[in-house]
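Novice: turn this into a structure:
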Amino acid sequence: MRYDSDILIIGGGLSGPILAIALAQTGHDVTVIDALDEKVRKNAAFDGRSYAVALTSQRLLDGIGVWDSIAERTQPILEIKVSDGRAGQGPSPFFMHFDHAEIEEGPMGHMVQDRHLRRALLDAMSETPGVTHLAGETVTSQHIGAGGASVTLASGKTLTGRMVVGADGRGSGTATRAGIKRTGWGYEQTALVCAIAHEQPHHGVAHQFFMPSGPLAILPLPGNVSSIVWSETAQNATAFEALPDDDYLTMLRPRFGDFLGEISLAGKRFSYPLSLSLATHLVAERVALIGDAAHGVHPIAGQGLNAGMRDIAALAEVITDATRRGEDLGSAAVLARYEQWRRFDNTALAVATDSFNKLFSNDNALVRGVRDIGMGVINALPGLRRSFIREAAGLTGDLPRLMKGQSL
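Specialist: You can find the predicted model right below:
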């Protein structure tokens, strides 16, 4: 069978390009099929969307040569403060405080704006031999044969490869066409996302404020600006999203607090319903899933993107090692190694975020008392606190080489 590329990646958001660059740098020919036009991705203005990139995810981006191009535009996360309370009443006296100085590796992570990371990935794809980026193309069908896979595009073109990778989000068409089912449920919550300018400096401190309707994350960006992910009941979120900007801020202020001075909107407002969506399998015949196509979790811990980064690093390592051994990189035996590596971690993250959301997004007095005492105990024990910091930095578990700062 003749192949147009070794690997066909469906999805041009973040996960697809990162995997493509990593694989091309180890000698693979990769095609990224991107539904969006390249100009749309490249010319994005500041819109408030940002990501918490954990320390090990930063190592991955550095290992593929992308980090240096965005480093000056990122904000290190130096501390994380977690508290419980109610809007307008402030936090309870029990809290958790995590300081990066308690680990030796450096900041727990960095905040990166969506527009900077996407542009850097587009530039890196164009500069990396072996990567073909097909923008503005969608897949209408895929066929799996004994020796490879083929996909048909809406333009009528057919591409062949040794395997297909689905990096096409929670509603992954790749997974559906491969017969991979999903499990999950909605949270009856909606995330309100925007960027907030404030008078006082944030000093690189990220805040997570748990309220009965859902958590509010305040995440530091360069300058006196923070990204917020404000989880509300679906009913409240619909009402808040319909408000003009001034009234929207009026609703946010008692939740945000005044510790950073006066606040104002910086950029557009977004909202999206929150749910759990977990693929029952990460692989099928000559198909592998990464990122949100494999697992979509609640943003309560800010680990969704970082779990996807682990998928990328693990799959790139499995494929590269298999190729060097002369194996068929899309074979069932090779892809099984990837699923075995990532299945437990992804399931554990889904269970953890689901449990945390149920524990903290309620106003039961008994539950509130137990969780507040629990936070106080964690904060008082240096060893336990340090383990949470290492978890936030992505330093636990069976790390792929790229996430250890090693080359493939």
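
Novice: drop to CA atoms for contacts and neighbour counts, all remaining ones
Specialist: OK.

Novice: need the contact list for the residue nearest the centre of the chain.
Specialist: Compute the mean C-alpha point of the chain, and by Cα atoms, centre = their mean the closest residue is residue 305, 1.3 Å away. Taking Cα atoms under 8 Å, 6 or more residues apart in numbering, we find residue 305 in contact with 51, 52, 53, 291.

Novice: list the buried ones in stretch 231-239?
Specialist: 231, 232, 233, 234, 237 (16 or more other Cα atoms under 10 Å).

Novice: let me have those in TSV, extended by secondary structure and pLDDT.
Specialist: Rendered in TSV, the data for these read as follows (DSSP: H, G, I helix; E, B strand; the rest coil; pLDDT from 0 to 100):
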residue	secondary structure	pLDDT
231	strand	94
232	strand	94
233	strand	94
234	helix	94
237	helix	96
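
Novice: pretty sure residue 404 is touching residue 59, no?
Specialist: Yes. The criterion here is Cα atoms under 8 Å, and residue 404 meets it with residue 59 at 6.9 Å.

Novice: more neighbours: which of those two?
Specialist: residue 59 (20 against 16; other Cα atoms under 10 Å).

Novice: and the gap between the more buried one and residue 309?
Specialist: For residue 59, the distance to residue 309 equals 10 Å [Cα to Cα, to the nearest Å].

Novice: residue 343: neighbour count?
Specialist: Summarising burial for residue 343: neighbours were counted as other Cα under 10 Å, giving 17.

Novice: was I right to think it contacts residue 279?
Specialist: No. Assessed by Cα under 8 Å, residue 343 is found out of contact with residue 279, at 9.8 Å.

Novice: just to revisit the earlier point, and the contacts of residue 305, which two are furthest apart?
Specialist: 52 and 291 (14.8 Å; Cα to Cα).

Novice: and residue 159, backbone torsions?
Specialist: phi -120, psi 150 (degrees, to the nearest 10).

Novice: quick one: the strands in the stretch 251-400 of the chain, in order.
Specialist: Ranges of strands in the stretch 251-400 of the chain, per DSSP state E, counting those that start in this stretch, are 263-265, 270-279, 283-284, 287-289, 295-296.

Novice: what's the third one packed up against?
Specialist: Using 3 or more Cα pairs under 8 Å, 6 or more residues apart in numbering; DSSP states H and E, the elements in contact with strand 283-284 are helix 332-360.

Novice: residues of the helix it packs on that come out buried?
Specialist: Burial within helix 332-360, assessed by neighbour count using 16+ other Cα under 10 Å, is assigned to 334-336, 338-339, 341-343, 345-346, 349-350, 352-354, 357, 359-360.

Novice: repeat that for stretch 245-256.
Specialist: Taking 16+ other Cα under 10 Å as the basis for neighbour counts, the residues of stretch 245-256 that come out buried are 248, 249, 252, 255, 256.

Novice: same deal with stretch 378-388?
Specialist: Neighbour-count burial for stretch 378-388, counted by 16+ other Cα under 10 Å, picks out 378, 379, 385, 386, 387, 388.

Novice: could you export it as CSV, CA atoms only?
Specialist: These are the backbone C-alpha positions of stretch 378-388, laid out as CSV (Å, rounded to 0.1, in the frame of the first residue of the first chain):
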residue,chain,number,x,y,z
ILE,A,378,-3.6,19.5,53.9
ASN,A,379,-2.3,23.0,54.3
ALA,A,380,-0.8,22.2,57.7
LEU,A,381,1.1,19.2,56.5
PRO,A,382,4.2,20.1,54.4
GLY,A,383,4.6,16.6,52.9
LEU,A,384,1.0,16.4,51.8
ARG,A,385,1.1,20.0,50.5
ARG,A,386,4.2,19.2,48.5
SER,A,387,2.6,16.2,46.9
PHE,A,388,-0.3,18.4,45.7
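
Novice: residues contacting that stretch, please?
Specialist: Against stretch 378-388 from outside (Cα under 8 Å, 6+ apart): 95, 96, 97, 98, 102, 103.

Novice: one more pass at 10 Å, please.
Specialist: Residues lying outside stretch 378-388 but in contact with it, judged by Cα atoms under 10 Å, 6 or more residues apart in numbering, are 82, 94-103, 373-375, 377, 389, 391-396.

Novice: understood, closing this out.
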